[in-house]
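> dropping the sequence and predicted coords here.
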Amino acid sequence: MNKPLNLLTRWTRGRLLAFALLAALLTFGAGACQKSAPEDAHAHDGASTYYTCPMHPQIVRDEPGKCPICTMDLVKATKQAAKPTASTQSVTASSAALTHYMCPMHPQISREQPGKCPICSMDLVKATKAAAAAPTPSGAAAAPEVMLSAQQRQLAGIRVAALGGVGSPAGTASGTTVLTGTVTADANQTRTVSSRVAGRVERLFVRQTGEAIRAGAPLVSIYSEQLQALQQEYVLSLAQQRAVGPGGNQYGRLVASARQKLRLLGLTEGQLRTLAATGRPTASLTFYSPQAGLVQAVGVTEGQYVGEGTLLVSLTNLSSVWVEAQLYPEEVAGVEMGQSVQVQVAGLPDAYTGRVVFLSPERQANSKVTLLRVQVPNPGGRLQPGMQANVRLSMSSRGNTATAQTLTLPQDAVLRDSRGSYVWQQVDAAGRFRRLKVTTGAETDETVAITGGLAAGAQVVVSGAYLLESEYALYQGTDPMAGMDPNMKM
């Protein structure tokens, strides 16, 4: 009886011993993990070279090894310089540009000596980064700066000019304002032929738009019973007047009245003379073109019944056309009626000279623009409605004295983002450039007016500003470590 009891006791003791060993191992591991983070975070502040885990940067060791968390091999790294104190910030802010080496793929990796990136093993490249600018007396942060060597400026094609300098690209307002427009038919050269009687279209002499029509050419022939009755009235009045002789004044008034009715219906003097000579009314009335031009629209078909006022044919004369463009509010004040402008039509090599004939006194619906209309002679008929055109308004002829004296910069010198407009100013001959925010005014196809943020005579980058902006974005604006604690170990 005692033997089974002894076996049960041994088995129970073995299980308890195994549980005790497992609990001891878990307690030891947890304690090790809890100690490693605070120890590694501060125990090696004095070391310039250390080893760290790429996945767990809080793990720092003085010698190579493996990460106690993920067992990855530790990589060699160099601790960055300590964060400057408040007493040394002003000295650091005014120091010269700092040359360092960084990874093209990981800009947060910065070293004082050449080497390889601890993350991707790429060779570090040499870079120049301007020191942080000191705060202004008002407490606002100073404008960011970039330092370029003479060789870098030459390779980048950096060109500087004085704002407002005589003969320089950064001078006073000049050039032209280019407006996008569309060629349209001149409404003063458009005629509409409508039916003056009710009847049926017997014959249609024009059937397609764009067809060239001479003045006096037949357009549409309409059969009308009303027309026949009025013609018969006119013929009878003439016969009675002839029968009575010179003394029949009352018949003379009837003849004049019947004649006037037929003229109002559209009969020409030649048709009336023929009717008076033959005495036979015609069954149809033919409408003729009042001018030479192109058929713009055909509103009827043969056999169709029409009423009075129905559109028959629309004609337009393209000896002159309109170019309609849009103006912004700040550009309206400089436009004068009758002003001469240059019009360039897409696809045509020659420029056309026109004049401003209309400037709308109100803005177009749901927009901030107003309509400008230019009349352009078109003797050869090459300009056709629907063509796209550019209207060039000369700044010198707009009569705006205030605008003419505004300081301007080339379009390429002004950079824009969602927060505003910026330019790059050269600070000194050593190659230090400062990024300044400016306010802009009226623009042309070549220049931008500067209304604030930059004084006359300032040395402004007029060529290569985009390269400076890229340099700034690469080494300062897009640095993932910007604004982070420089003492944080990688």
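Great, that's in hand. Numbers count the residues shown, from 1 in each chain.

> contacts, neighbours, all on C-alpha from now
OK.

> what segments of the stretch 301-450 of the chain are strands?
For the stretch 301-450 of the chain, applying DSSP state E, counting those that start in this stretch gives strands covering 305-306, 311-316, 320-327, 340-345, 351-363, 370-377, 388-394, 408-410, 415-417, 420-428, 432-443, 447-452.

> ok and the last one relative to strand 432-443, angle-wise?
In this structure, strand 447-452 runs at an angle of 110 degrees to strand 432-443, with axes from the mean of the first three to the mean of the last three CA atoms, to 10 degrees as the basis.

> and what of the third one?
Angle, strand 320-327 to strand 432-443, by the same axes, to 10 degrees: 130 degrees.

> partner strands of strand 320-327 and their direction?
In the sheet, strand 320-327 lines up against strand 176-185 (antiparallel), strand 370-377 (antiparallel) (DSSP bridges).

> output that strand as CSV, nothing but the C-alphas.
The C-alpha coordinates for strand 320-327 follow below in CSV (Å, rounded to 0.1, in the frame of the first residue of the first chain):
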residue,chain,number,x,y,z
SER,A,320,-13.7,91.2,-89.0
VAL,A,321,-14.0,89.0,-85.9
TRP,A,322,-14.0,89.3,-82.1
VAL,A,323,-11.6,87.8,-79.7
GLU,A,324,-13.1,87.5,-76.2
ALA,A,325,-10.7,87.1,-73.2
GLN,A,326,-11.0,87.3,-69.5
LEU,A,327,-9.5,89.8,-67.1
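
> that strand vs strand 340-345, what angle?
Angle of strand 320-327 versus strand 340-345, following the same axes, to 10 degrees, is 100 degrees.

> which SS state does the closest residue to E269 other than its chain neighbours fall under?
Distance criterion CA to CA, 6 or more residues apart in numbering; nearest residue to E269, sequence neighbours excluded, is R263 at 7.8 Å. Following DSSP: H, G, I helix; E, B strand; the rest coil, the label given to R263 is helix.

> and the strands of the stretch 301-450 of the chain, which is most packed in?
strand 408-410 (a mean of 25; mean count of other CA atoms under 10 Å).

> that strand packs against which elements?
strand 447-452 (3 or more CA pairs under 8 Å, 6 or more residues apart in numbering; DSSP states H and E).

> which element follows the strand it packs on toward the C-terminus?
strand 459-463 (DSSP states H and E).

> so how far is that next one from its chain's centroid?
24 Å (CA atoms, centre = their mean, to the nearest Å).

> which other residues reach that strand?
Outside strand 459-463, the residues that touch it by CA atoms under 8 Å, 6 or more residues apart in numbering are 157-163, 169-170, 409-410, 412-413, 423-427.

> give me that answer again for 6 Å
Outside strand 459-463, the residues that touch it by CA atoms under 6 Å, 6 or more residues apart in numbering are I158, R159, V160, A161, A162, A413, W424, Q425, Q426.

> using CSV, write out every CA atom in stretch 460-470.
Extracted in CSV, the C-alpha atoms of stretch 460-470 (Å, rounded to 0.1, in the frame of the first residue of the first chain):
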residue,chain,number,x,y,z
VAL,A,460,17.9,88.4,-55.4
VAL,A,461,18.5,85.1,-57.1
VAL,A,462,16.9,85.4,-60.5
SER,A,463,18.2,82.1,-61.9
GLY,A,464,18.7,78.9,-60.0
ALA,A,465,16.1,79.6,-57.3
TYR,A,466,14.6,76.1,-57.7
LEU,A,467,17.9,74.5,-57.0
LEU,A,468,18.3,76.5,-53.8
GLU,A,469,14.8,75.5,-52.8
SER,A,470,15.7,71.8,-53.4
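
> and it, average pLDDT?
In this model, stretch 460-470 has an average pLDDT of 85.

> okay, the residue nearest to E269: pLDDT?
86.

> comparing the strands paired with strand 320-327 by mean pLDDT, which bottoms out?
Looking at these, the weakest mean confidence is strand 176-185, a mean of 85.

> which is the next helix or strand following that strand?
Once strand 176-185 ends, the next helix or strand along the chain (criterion: DSSP H and E) is strand 190-194.

> neighbouring strands - and their directions - for that next one?
For strand 190-194, pairing defined by DSSP bridges yields strand 311-316 (antiparallel).

> average pLDDT for the strand it pairs with?
Averaged across strand 311-316, the pLDDT comes to 92.

> domain map for the chain?
97-129, 145-173+405-477, 176-186+318-394, 193-312 (automatic domain parsing).

> can I get those in a markdown table including distance to G65?
Output for the domains of the chain, formatted as a markdown table (distance: least, CA to CA, whole Å):
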| stretch | distance to G65 |
| --- | --- |
| domain 97-129 | 15 |
| domain 145-173+405-477 | 33 |
| domain 176-186+318-394 | 68 |
| domain 193-312 | 87 |
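
> quick one: Y251 is in a helix?
Yes: assessed with three-state DSSP, Y251 lies in a helix.

> now, which of the contacts of strand 459-463 sits nearest Q226?
Q226 lies nearest to A413 out of the contacts of strand 459-463, by CA to CA, at 74.9 Å.

> what about that closest one, distance to G420?
14 Å (CA to CA, to the nearest Å).

> repeat for D186
With the distance defined as CA to CA, D186 ends up 42 Å from G420.

> same question for N378.
Distance from N378 to G420, by CA to CA: 44 Å.

> and V75, by the same measure?
43 Å.

> and if you look at V462?
The value you get for V462 to G420, if CA to CA is used, is 18 Å.

> check A465 too.
In terms of CA to CA, A465 sits 16 Å off from G420.

> mean confidence for stretch 281-297?
87.

> name the residues that touch it?
Outside stretch 281-297, the residues that reach it (CA under 6 Å, 6+ apart) are 209-224, 231, 313-317.

> could I have the buried ones of these as PyMOL selection syntax?
Here is the PyMOL selection string for the buried members of these, based on 16 or more other CA atoms under 10 Å:
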select buried, resi 213+218+219+220+221+222+223+224+231+313+314+315+316+317
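
> give me the subset of the contacts of stretch 281-297 that lies in helices.
Counted as lying in helices by DSSP state H, out of those, are Q231.

> among the contacts of stretch 281-297, which lie within strands?
A212, I213, P218, L219, V220, S221, I222, Y223, V313, S314, L315, T316 (DSSP state E).

> now distance to K126 too, for those residues, in CSV please.
As requested, the ones in strands among the contacts of stretch 281-297 are exported to CSV (distance: CA to CA, whole Å):
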residue, distance to K126
A212, 72
I213, 76
P218, 84
L219, 82
V220, 84
S221, 87
I222, 89
Y223, 92
V313, 76
S314, 73
L315, 73
T316, 70
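
> now, among those residues, which is nearest to Y51?
When the ones in strands among the contacts of stretch 281-297 are ranked by distance to Y51 (CA to CA), T316 comes first, at 85.2 Å.

> mind listing what's buried along the helix or strand where L155 lies?
Secondary structure assignment for L155, by DSSP H and E: helix 150-156. Residues of helix 150-156 classed as buried: R153, A156 (neighbour count, 16+ other CA under 10 Å).
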